[in-house]
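Undergrad: how would this look folded up:
(one chain, ligands or ions: 2)
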Amino acid sequence: MYCGSEDFVLGSIPEAEELDYSVPIGWPARPRPLFDESFASWFLRVAQGNGVTPSELYRVALPGAYLHGADLDRSACPDLLRELSRKTGLAVDILQGLTFARWCGSVYDEDDGRKKLTWLPPAGREKSRKSYGQQFCPLCLSEDAVPYLRGSWRLGFVSTCPHHGTVLLDRCPGCSEPIQPLKLVRRGGGLACPRCGGHLTDGTPSPAHPEDVRFQAVLTRAIRDGWVDLPGWGSLHALAFYKLVSILFRLVSTGKFARALRHHLSQSLEERYATAQIPVVKEVELIPPERRAQLLRLVGRLLASWPTDFIAACKAVGVSQGCLIKDAAAVPFVFLEPVTRLLSGGPRRVTQAEMQAAADELRRRGEQPTYGALTTLFNVKAVEAERQAEPALAHEPYGQGRYWKLDGISPEVRAAARKMAHKEGENVAGWVEKALRSQLGLP
Ligand SMILES: [Zn+2]
Ligand SMILES: [Zn+2]
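TA: Numbering: from 1, shown residues only. Ligands and ions are numbered 1, 2, ... in the order given. Below you'll find the predicted structure:
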């Protein structure tokens, strides 16, 4: 059983005796869905139980239709559900409750079948692209009497197994291919990769950080309750909450403030190092579970007292309202309100007086207030720094030509060298190199 979340996600599947088995049954094997089982996992068991492949079962249920690489957890259509219901004796509602539809109204508001669903990335391969949307816990699978995939392993904010306190895996332990639920094969009673034949239970999960397990419990509880009590703010609808978490997750995962925010929110040197190693990628849903858990941990800290901690972090790393909100209609009020109230105004400019004081301070320390030293001190690219800065080196005027790099050579010599180089059809650097080599007796 999925520990600590008995009624989370799936609702309750009726006990066997409550199921209506009086309907005419077409298929011999009609397994009951297991706790929190995903639709694809159940569909695979129905197919395997009846000795056909998922593609064949799909064609039997919907004559003339082809499964191809469809993600049935998301795209099981009403006709398919009706026919499966007719042949297995399980109510359509129960079958629909195995699909993503169980999270409609809590994790996402509607699904037109085309747009990306936040927190529910595709699983497997989409044309040539790999997508690691199906996660799993090898320890849960090894303990299952009948190994099966949990629906909650599809949720992007779920990155750890609360039952085992370990990080989930999202690829084949043998060949690193993404998991395609309907292509898994059953071998020796376990689920195996169709490509390399390796068992999913061969993977060794790493222990999860206790803070990650705790925050995940908060995240999953919102599905069950439909709302969250956000410290510092009050009650918040689950939809707004997941939207908020997704905005914050993107902020620490990608974009120009990601690294600074990670640095600011990390609480130890070790954590700072670990979060700095996570690449800044646009497709945040491709971040593997272990890394995702580390980034979600930082999001949890931003939510510890909303919006105080978030606003403080934004001010510390220089995030302004303009950087956060491009379309006010696309963000929930819980985000819009504090950002517009507390982070309005453009980025703060360093004043002339501040830059002057910084230059004086550097001189007092015996350092030269160059442009580099001033901008490093403020961690900004300031116009004012250019005004206050002293040139780093006193040097002779440069020759013309953007490639001319020889400092300290007189203008006449440069001009003559350039003329000679052009005459010989060389570029200046190459000609000077040759001339110096010859003068120095180098090969
Ligand atoms: Zn587990
Ligand atoms: Zn494999």
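
Undergrad: what pLDDT does the residue positioned nearest the centre of the chain get?
TA: With distances taken as C-alpha atoms, centre = their mean, the residue of the chain nearest its centroid is Val284 (2.8 Å). Val284 carries a pLDDT value of 90.

Undergrad: Please tell me I have it right and it contacts Phe249.
TA: Yes: counting by C-beta atoms under 8 Å, Val284 touches Phe249, with 6.5 Å between them. Any C-beta I mention is one placed from the backbone N, CA and C, and that applies to glycine too.

Undergrad: Can you classify Val245 by secondary structure?
TA: helix (DSSP: H, G, I helix; E, B strand; the rest coil).

Undergrad: so what's it up against?
TA: 157, 219, 296, 299, 303 (C-beta atoms under 8 Å, 6 or more residues apart in numbering).

Undergrad: top of those by neighbour count?
TA: Counting neighbours by other C-beta atoms under 10 Å, Leu296 leads the contacts of Val245 with 27 neighbours.

Undergrad: That one sits in which helix or strand?
TA: helix 289-302 (DSSP states H and E).

Undergrad: Give me the contact list for that helix.
TA: 135, 156-157, 159-160, 167-170, 206, 208-209, 211-212, 214-216, 218-219, 245, 248-249, 252-253, 261-262, 265-266, 271, 274-275, 278, 287, 309-310, 313.

Undergrad: can you give me the mean pLDDT across stretch 205-217?
TA: Rounded mean pLDDT across stretch 205-217 is 97.

Undergrad: Report the residue ranges of every domain in the chain.
TA: Domains of the chain are assigned by automatic domain parsing as 1-202, 226-342, 352-388, 399-443.

Undergrad: Name the nearest residue to the residue nearest to the centre of the chain, sequence neighbours excluded.
TA: Nearest residue to Val284, sequence neighbours excluded (C-beta to C-beta, 6 or more residues apart in numbering): Ser253, at 4.3 Å.

Undergrad: go on, Tyr242?
TA: Among residues not flanking Tyr242 along the chain, Val107 sits closest, at 5.3 Å (C-beta to C-beta, 6+ apart).

Undergrad: how close does the one you found get to Val60?
TA: 32 Å (C-beta to C-beta, to the nearest Å).

Undergrad: quick one, which of these two is more surrounded?
TA: The neighbour count for Val107 versus Val60, taken as other C-beta under 10 Å, is higher for Val107 (25 against 15).

Undergrad: With respect to ligand 2, which of the domains of the chain lies nearest?
TA: domain 1-202 (3.0 Å; C-beta to the ion).

Undergrad: re the thing from before, make JSON lines out of the domains of the chain and add distance to ligand 2.
TA: Listed next are these as JSON lines, based on distance: least, C-beta to the ion, whole Å:
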{"stretch": "domain 1-202", "distance to ligand 2": "3"}
{"stretch": "domain 226-342", "distance to ligand 2": "16"}
{"stretch": "domain 352-388", "distance to ligand 2": "46"}
{"stretch": "domain 399-443", "distance to ligand 2": "52"}
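
Undergrad: Can you check the pLDDT for the residue nearest to Tyr132 when sequence neighbours are not counted?
TA: Of all residues beyond its chain neighbours, the one nearest Tyr132 is Asp170 (4.1 Å), with distances taken as C-beta to C-beta, 6+ apart. With respect to pLDDT, Asp170 has a value of 95.

Undergrad: next one: Leu362
TA: 86.

Undergrad: Over to it. Which of the three states is it?
TA: helix.

Undergrad: about what we covered before: need the contact list for the residue nearest to Val284.
TA: With C-beta under 8 Å, 6+ apart, Ser253 has these contacts: 278, 280-281, 284, 287, 295.

Undergrad: can you pull the buried residues of stretch 413-431?
TA: By 16 or more other C-beta atoms under 10 Å, the buried positions in stretch 413-431 come out as 414, 417-418, 421, 428, 431.

Undergrad: Ignore what I typed, I meant stretch 27-38.
TA: 27, 30-38.

Undergrad: same question for it, mean pLDDT?
TA: Mean predicted confidence for stretch 27-38 is 94.

Undergrad: That one and ligand 1, are they touching?
TA: No: using C-beta under 5 Å from the ion, stretch 27-38 stays clear of ligand 1, with a minimum separation of 11.7 Å.

Undergrad: Now do the end-to-end distance for that stretch.
TA: 20 Å (C-alpha to C-alpha, to the nearest Å).

Undergrad: go on, stretch 267-282?
TA: End-to-end span of stretch 267-282 (C-alpha to C-alpha): 25 Å.

Undergrad: tell me which residues in it are buried?
TA: 271, 275, 278.

Undergrad: host element of Phe310?
TA: Assigning secondary structure by DSSP H and E places Phe310 in helix 308-317.

Undergrad: Other residues contacting that helix?
TA: 232, 248, 257, 260-261, 263-265, 301-303, 319-320, 324, 338, 342-343.

Undergrad: Apply 10 Å and report the result again.
TA: Defining contact as C-beta atoms under 10 Å, 6 or more residues apart in numbering, one finds that helix 308-317 is touched by 231-233, 244, 248, 251-252, 256-265, 298-299, 301-305, 307, 319-321, 323-324, 335, 338-339, 341-343, 348, 379.

Undergrad: Selection in ChimeraX covering whichever of those residues are buried, please.
TA: A single ChimeraX command is used to select the members of these judged buried by 16+ other C-beta under 10 Å:
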select :233,244,248,251,252,257,258,260,261,262,264,265,298,299,301,302,303,307,319,320,321,323,324,335,338,339,343
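
Undergrad: Which of the contacts of helix 308-317 fall within helices?
TA: Secondary structure from DSSP state H places 244, 248, 251-252, 258-265, 298-299, 301-302, 321, 323-324, 335, 338-339, 341-342 of those in helices.

Undergrad: picking up where we left off before, which residues sit in contact with the residue nearest to Tyr242?
TA: 9, 100, 117-120, 155-157, 219, 222-223, 238-239, 241-243, 246 are the contacts of Val107 under C-beta under 10 Å, 6+ apart.
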